[in-house]
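**Q** predicted model, plus sequence, below.
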Amino acid sequence: SSWKLSVLSPGQSTMAPLPNDFSYGEWSAVYNVLSFGIAAMGSATVFFWLQLPNVTRSYRTALTITGIVTWIATYHYFRIFNSWV
């Protein structure tokens, strides 16, 4: 198989074409919300798991499960983000 190097000329976009009724501002808003969701859920997961030694033993299971749930949410946001971009 041969590889082809494509060079973009000024004003040419690398973004996929948008549907007719979808503006770049709307696309950008969804992109930013998904990015923020990934950052928020990922950092929440790290926070919950780092706080495990600081909570009463009886609450550690709940905090562990909370971290697992936010990790799964991070994974799903990441998958949605990759399908969006």
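**A** That came through fine.

**Q** helices of this structure, residue ranges please.
**A** 24-50, 60-84 (DSSP state H).

**Q** mind putting those into TSV with mean pLDDT, distance to Leu18 and mean neighbour count?
**A** No exception for glycine: its C-beta is placed from N, CA and C like everyone else's. Below are the helices of the chain laid out as TSV (pLDDT from 0 to 100; distance: least, CB to CB, whole Å; neighbours: other CB atoms under 10 Å):
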stretch	mean pLDDT	distance to Leu18	mean neighbour count
helix 24-50	93	6	14
helix 60-84	94	12	14
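
**Q** contacts only, for the nearest residue to Gly42 once chain neighbours are set aside.
**A** Nearest non-adjacent residue to Gly42, counting by CB to CB, 6 or more residues apart in numbering: Thr74, 4.6 Å away. Applying CB atoms under 8 Å, 6 or more residues apart in numbering to Thr74 gives the contacts 38, 41-42, 45.

**Q** which among the residues you listed gets closest to Thr61?
**A** Nearest to Thr61, judged by CB to CB, of these is Thr45 at 15.9 Å.

**Q** is it true that the closest one touches Tyr77?
**A** No. Contact between Thr45 and Tyr77 fails when scored by CB atoms under 8 Å: they sit 11.4 Å apart.
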